[in-house]
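In: Everything below, folded, please.
(chains A and B)
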There are 2 protein chains.
Amino acid sequence: MSDQPNGAQALIRTLVDSGVDVCFTNPGTSEMHFVAALDDVPEMRGILGLFEGVVTGAADGYARMAGKPAGTLLHLGPGLGNGLANLHNASRARTPMVNIIGDHATYHKRYDAPLESDIDSIAKGAPGWFRRSMSPDAVALDAAEAVAAAMSAPGQVATLVLPADTCWLPAPGGAAAPVAPTMATAVDEGDIDAVAKLLRSGASCTLLIGGRAVGEQGTRAAARIAEATGAKLLTETFPARQRRGAGILSVERVIYLAEFAQMQLAGTEHLILVDASAPVSFFAYPEKPSTLWPEDCDIVSLAAGPSDPVRALEDLADALSAAPVSGPERVSLDRPSGSLDAMSLAAAVAATMPDNAIVVDEANTGGIDLGRATAACSPHDWLYLTGGSIGIGLPLATGAAVAAPDRRVVSVQADGSAMYTFQALWTMARENLDITIVILNNGRYAVLDMELDRVGADGGGPRARSMFDLTGPDLDFVALAAGMGVEGVRVETAEDLTTHLDRAHVTPGPQLIEAVIPPLQT
Amino acid sequence: MSDQPNGAQALIRTLVDSGVDVCFTNPGTSEMHFVAALDDVPEMRGILGLFEGVVTGAADGYARMAGKPAGTLLHLGPGLGNGLANLHNASRARTPMVNIIGDHATYHKRYDAPLESDIDSIAKGAPGWFRRSMSPDAVALDAAEAVAAAMSAPGQVATLVLPADTCWLPAPGGAAAPVAPTMATAVDEGDIDAVAKLLRSGASCTLLIGGRAVGEQGTRAAARIAEATGAKLLTETFPARQRRGAGILSVERVIYLAEFAQMQLAGTEHLILVDASAPVSFFAYPEKPSTLWPEDCDIVSLAAGPSDPVRALEDLADALSAAPVSGPERVSLDRPSGSLDAMSLAAAVAATMPDNAIVVDEANTGGIDLGRATAACSPHDWLYLTGGSIGIGLPLATGAAVAAPDRRVVSVQADGSAMYTFQALWTMARENLDITIVILNNGRYAVLDMELDRVGADGGGPRARSMFDLTGPDLDFVALAAGMGVEGVRVETAEDLTTHLDRAHVTPGPQLIEAVIPPLQT
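Out: Reported below is the predicted structural model:
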């Protein structure tokens, strides 16, 4: 770097000094000085994605596993738009992330050039911290504060818009020192005691944990509480990262289908939330309620927002004098045989699960048995689709693999959702990431068959159902993978799937297995 | 349809009655009643896209060729986000379009379910008409007004947000009658005369036409004016749809590179705009001006917004007593041979151009010679990337082919941009659309090599340049196409390209040709 850095150089140096040393990029002209500065600050690793949805989903997966933000580099409003669906998911996951969005130079915006757009409004699609730098002198401190905002409890998406001239003009002040994030706070002893009293009261209690509470430490403490008091233990439906498996506990999730979730919660008198929201139906349905807890159920939030849910669970377990609980023992799983369906597929994934794997789950209907089948597998982390916006799985797997190069990522991926951000495979190949991708090819948006029935839509006939049909032409995922330099194989039996999973898990780099399964019958 | 339609049925019936009978869809649960109603209103053709960027870009291409809107069906805020980049382009093109965006039921929004987001803010990323229906009784009239807004001069993107309950509840009023759009108005005679006087004054004039003025009728009138007065004639850089070729005139466009555009406009004393904006630099560059006209140039806007630019040009030509001009004669073009580069590629496209083709141009750097090479081809329509947001080409070609089933679409497509919305190929195959796709595979974001130089970014070394590198792994577009049921072939010589273009143009359905070319040297 020259004696007098420009804004972009000061920015990247600040990011690196603040601990952000990976940036997923899809740049354009307004980001050229940022890109140029990659040669000045070699500690920053730039990872190219061929589409912005890959970039933002990868940054989410990275942060979920690294516990710190990655950067993203996006090109004006349209680049932000392309990345927005996975930013929505990240925002829902409260993933720490620092988005750098290039914009036209400050003095150029008034001319309404073709790429001018209302970035500030678009960014409201993924709530979090937002700032627009207005001078090269401001960029470094803005970046440090963006990182601090992202890392402040409970975590959030931080977005910094940088007009091009703030990056190319001199920034004599250079890099800014890291800014300390706001740390999580302890829950008051009185609140802990009040919840302990409820749990001891003999009333029917459900402990619903989510967010940061579903890691290993939180799960172990929650298991102690449940064991000691008889409370029912559940996690939110789609946690950002759940630690589970043998020796820990694979806590049951609130079921996606509202009808079943209501059954899980039936009889609950006190619903105790720990870093989780009160469960509501994913969508509204005619004549069905939006809220899933019993009408006369009392809801208590023990830890939310900036308070520390893990410590709250441990304090609560201690207050209850709850003994440690050993999770279930690891069991040896049978290798499935015969035809492939959701059951045998789940059995194959379970039987071949690598030690300490990271499972990225966008399996949708084809994955209904995965949770049960893998409950007693070697301990692993499980990453979910947090915000309901499909197309997260392959990008999330990409970022997770960057963050955890010593672990195998198992990406269990529905076909329809895969097609939103399939470009992620190219980045997997380029970065030689150790990812096993299992595509569940059932040739349909099968969840929509189910939803069409559930919403009670009259008259859904062949023309409606044709909107869920992914055949004619069939998608050939092995060919698609080959187009991006990823090896693939298509399997139609449980034996073949199991064999190829075993092989893929120990093969460096990405490996794709297209598993042909029937659509779920509804 | 039953005696008492629901909101969705009333909506689709209204759209069809208003002339909107094609809807590009990527639905989710909140749109299930719309989908179900496709069986009740069979006049509405639903066309599925595997990603929302395909859906919105296809609706743009459809409207550019059909002269009337298509609908889109998008799933909440993330679906809108995924479609936003091409909505930005459509908004810049002033394309008539009716976006239907499903949202949570009105009463469900307060629960902040996982897919809840700020749709209204996101929609500001593509300015136009916007409304949120609040009751099933309102849906039909809202839809009729959306179509009218989209069709009102000069055309715009209209977005209608429909909470799910407005679609599933009864709408006893049924469909709404079509609402008349606001028609274009005539330019005052006095304004015409004032411009005629300028053109006759002997001062150096440039006539810059854009938008609706670059169709055949407008172009012919503009050619008369230029011929009679000696004015320089240009079109905006990226018109939505330009009619050009032998017998008409292939009007030169303002060049994308600001340095060259300034040369084109040098010496202009009066710049006369007809449905075009005063030309500004696409991006700002250090030490370079934002505006491209000479400092002392006077700017006159003859027709803009709701006024009728074609009639204004014809009135102006008549006021000048300008004689009809015959365009250039069609010439027989040599078939190129030897190695492939931007020049021989353009020659091959020109030599094989089908009669009355629709050319969709997202060729970027590899396409620099296309305009010159095809100027005397059989008359054709040329669709450009209007808003600078890449990933429009393949969707645009899809929609154009739906609108014009009797014409061949020639999609000339850069590799990097193709990867944003490559899912369009699946829709092309599913709908058996007559599209010849020529992928220009130069293995780079070559425009960024140029832009990195142009912004004067210091220090852009190998790490920066690696962010533009699309090799390692190479993209194999023939494999990608096969993955979506489209036949493809890879060519490396001008002879092979020409031969395969000839063959592809007469083969029903989509045909892909991957042309390997070197990156443009800058």
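In: Can you point out the buried residues in stretch A:162-172?
Out: A:Leu162, A:Pro163, A:Ala164, A:Asp165, A:Thr166, A:Cys167, A:Trp168, A:Leu169, A:Ala171 (16 or more other CB atoms under 10 Å in any protein chain shown). For glycine as for every other residue, the C-beta is placed from the backbone atoms N, C-alpha and C.
In: Hmm, I typed the wrong one, I wanted stretch A:514-522.
Out: Residues A:Glu514, A:Ala515, A:Val516, A:Ile517, A:Pro519, A:Leu520 are the ones in stretch A:514-522 that count as buried (16+ other CB under 10 Å).
In: Of the residues you listed, just say which sits nearest to chain B.
Out: Of all those, chain B sits closest to A:Glu514, with 10.2 Å by CB to the nearest CB.
In: which helix is the longest one in chain A?
Out: Across chain A, the longest stretch assigned as helix under DSSP state H is helix A:76-93.
In: Following it in sequence, what is the next regular element?
Out: Per DSSP states H and E, helix A:76-93 leads on to strand A:97-103 as the next helix or strand towards the C-terminus.
In: could you list every residue that touches the closest residue to chain B within the stretch 301-450 of chain A?
Out: Proximity of the stretch 301-450 of chain A to chain B (CB to the nearest CB) peaks at A:Ser389, 3.6 Å away. A:Ser389 makes contact with A:Ala85, A:Asn86, A:His88, A:Asn89, B:Pro78, B:Leu115, according to CB atoms under 8 Å, 6 or more residues apart in numbering or on different chains.
In: out of those residues, what pair is the most spread apart?
Out: A:Asn86 and B:Leu115 (13.3 Å; CB to CB).
In: Name the residue in those two with the higher neighbour count.
Out: A:Asn86 (37 against 24; other CB atoms under 10 Å in any protein chain shown).
In: The more buried one and A:Thr56 touch, don't they?
Out: Yes - using CB atoms under 8 Å, A:Asn86 is in contact with A:Thr56, at 4.1 Å.
In: which residues are in contact with both of those two?
Out: Shared contacts of A:Asn86 and A:Thr56 (CB under 8 Å, 6+ apart): A:Pro395.
In: And the worst-scoring helix or strand of chain A on mean pLDDT, what's buried?
Out: Least confident element among the helices and strands of chain A, by mean pLDDT, DSSP states H and E: helix A:446-454 (a mean of 89). Of the residues in helix A:446-454, A:Ala446, A:Val447, A:Leu448, A:Asp449, A:Met450, A:Glu451, A:Leu452, A:Arg454 count as buried by neighbour count, 16+ other CB under 10 Å.
In: State the mean pLDDT of stretch A:465-476.
Out: Averaged over stretch A:465-476, pLDDT sits at 95.
In: Kindly format the C-alpha coordinates of it as PDB.
Out: Written as PDB, here are the backbone C-alpha positions of stretch A:465-476 (Å, rounded to 0.1, in the frame of the first residue of the first chain):
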ATOM      1  CA  ARG A 465     -50.400 -28.800 -11.200                       C
ATOM      2  CA  SER A 466     -48.300 -28.300 -14.300                       C
ATOM      3  CA  MET A 467     -46.800 -25.200 -12.500                       C
ATOM      4  CA  PHE A 468     -45.100 -27.700 -10.100                       C
ATOM      5  CA  ASP A 469     -43.800 -30.000 -12.700                       C
ATOM      6  CA  LEU A 470     -40.000 -30.000 -13.200                       C
ATOM      7  CA  THR A 471     -40.100 -32.700 -15.900                       C
ATOM      8  CA  GLY A 472     -40.500 -32.100 -19.700                       C
ATOM      9  CA  PRO A 473     -37.600 -31.500 -19.900                       C
ATOM     10  CA  ASP A 474     -36.100 -33.400 -17.000                       C
ATOM     11  CA  LEU A 475     -33.400 -31.700 -15.200                       C
ATOM     12  CA  ASP A 476     -30.100 -33.500 -15.500                       C
END
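In: which of the residues in that stretch are buried?
Out: Of all the residues in stretch A:465-476, those buried under the rule 16+ other CB under 10 Å are A:Arg465, A:Met467, A:Phe468, A:Leu470, A:Pro473, A:Asp474, A:Leu475, A:Asp476.
In: ok, now stretch A:252-264?
Out: Buried, per 16+ other CB under 10 Å, within stretch A:252-264: A:Arg253, A:Val254, A:Ile255, A:Tyr256, A:Ala258, A:Ala261, A:Gln262, A:Gln264.
In: Make sure the second one is actually in contact with A:Met263.
Out: What it means is A:Val254. No - counting by CB under 8 Å, A:Val254 does not reach A:Met263; the two are 10.7 Å apart.
In: Show me which residues of the helix or strand harbouring A:Leu302 are buried.
Out: Assessed by DSSP H and E, A:Leu302 sits inside strand A:298-303. Neighbour counts over strand A:298-303 (16+ other CB under 10 Å) mark A:Ser301, A:Leu302, A:Ala303 as buried.
In: Could you pull out the helices in the stretch 101-250 of chain A for me?
Out: Along the stretch 101-250 of chain A, counting by DSSP state H, counting those that start in this stretch, helices occupy A:119-122, A:136-151, A:164-168, A:189-200, A:216-229.
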